[in-house]
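**Q** sequence first, then the predicted structure, then my questions.
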Amino acid sequence: MVEVKKPGRLLVDRATKPSMPRYLKLRHDPGRDRWVLLAPERILTPDAIAVTVLKLCDGERTVDDIAAKLAEEYSAPADVIAADVVELLQDLADKGYIKG
Amino acid sequence: MTDDLKIDGHVDAIAVDDEPTTGAIGDQEESNILCAVAPVGLLAELTHRCPLQCPYCSNPVELESVKNELTTEEWCSVMTQAGEMGILQVHLSGGEPTARRDLEDIVKAAADAGLYSNLITAAVNVKRERLEKLQELGLDHVQVSVQDVDAAGAERIGAFKNALQTKLQFARWVKELDMPLTINAPIHRHNIHNVPRYIDTAVELGAQRIEIAHAQYYGWALLNRAALIPTYEETVASIEYVEAARERLKGVLTIDMVVPDYYAKRPKPCMGGWGKGFMNITPAGKVLPCHAAESIPELNFDNVRDKKLLDIWMDSEAFNAFRGTDWMKEPCKSCAFKEVDFGGCRCQAMAISKDPRNTDPACSLSPYHTEMVKIAKQEAAKPAAAFVYRNTRNAAKVGKAHGEALEPAE
């Protein structure tokens, strides 16, 4: 067997620049009027906040950048939001849906 | 699926496996919106032709012949209709789906219909150029079956020379093309000791997922149960290993496990409920609520050659036969779990008790449970029986005449 680099677990913090692997498809499902994230043999149904976060995961923005944007949109303190975003992205990263 | 599908409070997830055990998106009971009651997953069995002869194959014992297979146009129409009615994912399976020379057309039709496509392949007869072409046409995900991580075992179980090396080479191509890869590991007494090495192999290959899929004993696998079923102790040890590995490999490898229901106390919620979230189309176009449903003789199945897929989903006799809970008998009828496991697997109830309305004998409340498990444990304790390989010759020999009903407990 050839040696393939073994990837480690991504630990998300406020400096992480999260991105979605390109094989995931975030798409509006018109019939059910909701967003779905299509993944290998899985369908995720993110709520409005999670959809906003996922759309901002472009590999350029940091978690802090994303939190700042959300803070503006939802008029909430950025620190509180950053903690929530880290939690959400860590959970998604542990299932393989977010890379750093 | 025993995988924990709970993600953060902001996201829900459901499995859309080819043998799913979670239900549909949306609240079906309260919604009149068409798409809210439409299925999310479609298993398209494009052909029953296959280069392998695995004795646990999920195809029916009576295999469909090539001359009855749907045409290219008919399969493409199925994909279009599936997209229109709200289906989100399609599994292109078989048999071996790459045995169809028009797989490219079908993949393109699926992509055009907005479906997330999954190729479920034995990966022994596919050239790299063909995989590249399929990716170009919109294929989203590839699942490769690996019969054993020991070369000799893989060769014997699938009855195919050099199967392991060929499959691993193909899996590496999938990764080189930056496509997501699932390794499917069908588990039974001949390879259950290799579960740890299966997981290591998946990590080394860079796979996203591995399915540790313990054989489910209907169809060919029921016929071969005495050749396949592992002991209770081996089974428990393998499940414990997988649960620890899941924790260790968080964020690296998703491990899904289909547990052997004979050794469970509660039945699996088969298909996430009959006619609730998934449909299956046979090579000849028959539309089934699950891939084994043809083993229930009283059911009549509609065909995509005669009717629209949506009409079949909504109105066909076979889909309505065990939808919801009205069809249930005791002990299901008054059971607190009837909306959780839907009484388990109808096909297993049929195979073991000869009445598809009975509780799945995998349930400890079934009067057939004790006897079924006792026989299985006796089989597991004896030396393995010889394989009845899955091929057309054996299919003709065995026919429908296998399996007598067990006697229920008093």
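**A** Received the coordinates, thanks.
**Q** now whatever residue of the stretch 151-300 of chain B ends up closest to chain A. Nearest residue, chain neighbours left out?
**A** Closest contact between the stretch 151-300 of chain B and chain A, by C-beta to the nearest C-beta, is at B:Gly251 (3.7 Å). (Each C-beta comes from the backbone N, C-alpha and C, glycine too.) Of all residues not flanking B:Gly251 in the chain, A:Arg9 sits nearest, at 3.7 Å (C-beta to C-beta, 6 or more residues apart in numbering or on different chains).
**Q** would you agree the one you found is in contact with B:Glu247?
**A** No - counting by C-beta atoms under 8 Å, A:Arg9 stays clear of B:Glu247, with 10.7 Å between them.
**Q** the more surrounded of those two?
**A** Using other C-beta atoms under 10 Å in any protein chain shown as the criterion, A:Arg9 and B:Glu247 rank with A:Arg9 on top: 14 against 8.
**Q** distance of the nearest residue to B:Arg172 once chain neighbours are set aside from B:Phe170?
**A** Once flanking residues are discounted, B:Arg172 sits nearest to B:Leu205: 6.8 Å by C-beta to C-beta, 6+ apart. Going from B:Leu205 to B:Phe170 by C-beta to C-beta, to the nearest Å gives 10 Å.
**Q** residues contacting the residue nearest to B:Arg172?
**A** By C-beta atoms under 8 Å, 6 or more residues apart in numbering or on different chains, B:Leu205 lies in contact with A:4, B:168, B:171-172, B:175, B:181, B:183.
**Q** in strands only, show me those residues.
**A** For the contacts of B:Leu205, membership in strands holds for B:181, B:183, with DSSP state E as the criterion.
**Q** rank the contacts of B:Leu205 by pLDDT and give me only the lowest.
**A** Across the set of these, A:Val4 stands lowest in pLDDT, at 41.
**Q** B:Glu317: how many residues sit nearby?
**A** 12.
**Q** helix, strand or coil for the closest residue to it other than its chain neighbours?
**A** Spatial nearest neighbour of B:Glu317, chain neighbours left out: B:Asn300 (5.3 Å); criterion: C-beta to C-beta, 6+ apart. Following DSSP: H, G, I helix; E, B strand; the rest coil, we place B:Asn300 in the coil state.
**Q** wait, doesn't B:Asn300 sit right on B:Ala321?
**A** No - checked against C-beta under 8 Å, the pair B:Asn300 and B:Ala321 is beyond contact range at 9.3 Å.
**Q** what about these two, which has more around it?
**A** B:Ala321 (19 against 9).
**Q** burial of the nearest residue to the more buried one once chain neighbours are set aside, as a residue count?
**A** Of all residues not flanking B:Ala321 in the chain, B:Leu299 sits nearest, at 6.0 Å (C-beta to C-beta, 6+ apart). Around B:Leu299 there are 19 other residues, counting by other C-beta under 10 Å.
**Q** pLDDT weak spots in chain A?
**A** A:1-7 (pLDDT under 70).
**Q** ugh, typo on my part, it should be chain B
**A** Along chain B, the model assigns pLDDT under 70 to residues B:1-8, B:18-36, B:399-410.
**Q** what distance do you get for whichever residue of chain A sits closest to chain B to A:Ala67?
**A** Closest approach between chain A and chain B, counting by C-beta to the nearest C-beta: A:Gly31, at 2.6 Å. For A:Gly31, the distance to A:Ala67 (C-beta to C-beta) stands at 33 Å.
**Q** can you give me the strands in the stretch 201-350 of chain B?
**A** Remark: strands assigned in the stretch 201-350 of chain B by DSSP state E, counting those that start in this stretch are B:209-214, B:254-258, B:278-281, B:287-288.
**Q** ok, now chain A?
**A** Per DSSP E, chain A carries strands over the ranges A:25-29, A:34-39, A:42-46.
**Q** look at B:Phe387 and say how many residues are nearby.
**A** A count of nearby residues for B:Phe387, using other C-beta under 10 Å, gives 20.
**Q** what residues does it make contact with?
**A** B:Phe387 neighbours (C-beta under 8 Å, 6+ apart): B:55, B:157, B:224, B:227.
**Q** in three-state terms, label it for me.
**A** coil.
**Q** can you check B:Pro361 too?
**A** coil.
**Q** select the longest helix from the chain.
**A** Assuming you mean chain A. Identified as the longest helix of chain A according to DSSP state H is helix A:78-94.
**Q** that's the other chain; I wanted chain B
**A** helix B:232-248.
**Q** what's the angle between it and strand B:254-258?
**A** Calculated by axes from the mean of the first three to the mean of the last three C-alpha atoms, to 10 degrees, helix B:232-248 forms an angle of 160 degrees with strand B:254-258.
**Q** how about helix B:232-248 and chain A, touching?
**A** No - Helix B:232-248 is not in contact with chain A by C-beta under 8 Å from any C-beta of the partner chain; minimum separation 9.4 Å.
**Q** tell me where the stretch 251-400 of chain B has helices.
**A** Ranges of helices in the stretch 251-400 of chain B, per DSSP state H, counting those that start in this stretch, are B:309-315, B:317-321, B:338-341, B:346-353, B:369-381, B:392-398.
**Q** of those, which approaches B:Ala237 most closely?
**A** Distance to B:Ala237, taken as C-beta to C-beta, is lowest for helix B:369-381 among these, at 13.4 Å.
**Q** and that closest one, what does it pack onto?
**A** In terms of contacts (3 or more C-beta pairs under 8 Å, 6 or more residues apart in numbering or on different chains; DSSP states H and E), helix B:369-381 is packed against helix B:225-228.
**Q** for the helix it packs on, packing partners?
**A** helix B:369-381.
**Q** that older thread, ok, the residue nearest to B:Gly251 - contacts?
**A** Counted by C-beta under 8 Å, 6+ apart, A:Arg9 has contacts A:93-94, B:250-252.
**Q** mind putting those into a markdown table with neighbour count and distance to B:Val40?
**A** Output for the contacts of A:Arg9, formatted as a markdown table (neighbours: other C-beta atoms under 10 Å in any protein chain shown; distance: C-beta to C-beta, whole Å):
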| residue | neighbour count | distance to B:Val40 |
| --- | --- | --- |
| A:Ala93 | 20 | 24 |
| A:Asp94 | 20 | 23 |
| B:Lys250 | 17 | 26 |
| B:Gly251 | 22 | 26 |
| B:Val252 | 19 | 27 |
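**Q** could I get these as TSV with distance to B:Cys76?
**A** Shown next, in TSV, are these (distance: C-beta to C-beta, whole Å):
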residue	distance to B:Cys76
A:Ala93	38
A:Asp94	38
B:Lys250	40
B:Gly251	38
B:Val252	38
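**Q** list just the nearest of the residues you listed to B:Ile199.
**A** Checking these against B:Ile199 by C-beta to C-beta gives B:Val252 as the nearest, at 10.3 Å.
**Q** I figured that closest one hits A:Gly8, correct?
**A** Yes - B:Val252 is within contact range of A:Gly8, at 6.9 Å (criterion: C-beta under 8 Å).
**Q** re earlier: distance of the residue of the stretch 151-300 of chain B closest to chain A from A:Asp64?
**A** According to C-beta to C-beta, B:Gly251 stands 21 Å off from A:Asp64.
**Q** then B:Gly114?
**A** 35 Å.
**Q** do B:Pro297 as well
**A** According to C-beta to C-beta, B:Pro297 and A:Asp64 sit 63 Å apart.
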